[in-house]
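Colleague: I'd like to go over a predicted model; first the sequence, then the structure.
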Amino acid sequence: EVQLVESGGGLVQAGGSLRLSCAASGFTFDDYAIGWFRQAPGKEREGVSSISSSDGNTYYARSVKGRFTISSDNAKNTVYLQMNSLKPEDTAVYYCKVRFNGVDYWGKGTLVTVSS
């Protein structure tokens, strides 16, 4: 069974940092890309960043480029999102996702709140 479990969210002041984790199980971690998405209150879910565990290729949304860094630890089947210089507009529930056999699997999310 494919499972993704996010952790690391919390309340932080603007300018602060958080590191999110996405622990994956139920599939061969090295073969798939995992993405981070976020959904702010009243807004649609948007892609933030992704990483291919096999070759390390990464993607960042323009809004987070230069502030967020995605990485993976294949030995731990875990993807991380280091978030620096956080802004109030980064406040959202953050989800990780993997597309496995044509099906999107999502974690339950972790809440990040950035106060001004």
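Modeller: Received the coordinates, thanks.

Colleague: Show me the beta-bridge partners of the residue positioned nearest the centre of the chain.
Modeller: Nearest to the geometric centre of the chain sits Trp36, at 3.0 Å (C-alpha atoms, centre = their mean). Here Trp36 sits in beta bridges with Ser49, Cys96, going by DSSP bridges.

Colleague: ok, Ile34 to Ser116 distance?
Modeller: 31 Å (C-beta to C-beta, to the nearest Å). The way it works is simple: take the backbone N, C-alpha and C, and place the C-beta from them, glycine included.

Colleague: dump the residue contacts of the residue nearest to the centre of the chain.
Modeller: Neighbouring residues of Trp36 by C-beta atoms under 8 Å, 6 or more residues apart in numbering: 20, 22, 47-50, 70, 79, 81, 94-97.

Colleague: Same list (the residues you listed) but as a markdown table, adding pLDDT, distance to Gln13 and neighbour count.
Modeller: Converted to a markdown table, the contacts of Trp36 look like this (pLDDT from 0 to 100; distance: C-beta to C-beta, whole Å; neighbours: other C-beta atoms under 10 Å):
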| residue | pLDDT | distance to Gln13 | neighbour count |
| --- | --- | --- | --- |
| Leu20 | 98 | 17 | 24 |
| Cys22 | 97 | 24 | 26 |
| Gly47 | 98 | 26 | 14 |
| Val48 | 98 | 20 | 24 |
| Ser49 | 98 | 22 | 22 |
| Ser50 | 97 | 27 | 20 |
| Ile70 | 97 | 23 | 23 |
| Val79 | 96 | 25 | 28 |
| Leu81 | 98 | 19 | 25 |
| Tyr94 | 98 | 18 | 23 |
| Tyr95 | 98 | 23 | 21 |
| Cys96 | 97 | 24 | 27 |
| Lys97 | 97 | 28 | 19 |
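
Colleague: out of these, which one sits closest to Ser7?
Modeller: Set against Ser7, the nearest of the contacts of Trp36 by C-beta to C-beta is Leu20 (7.1 Å).
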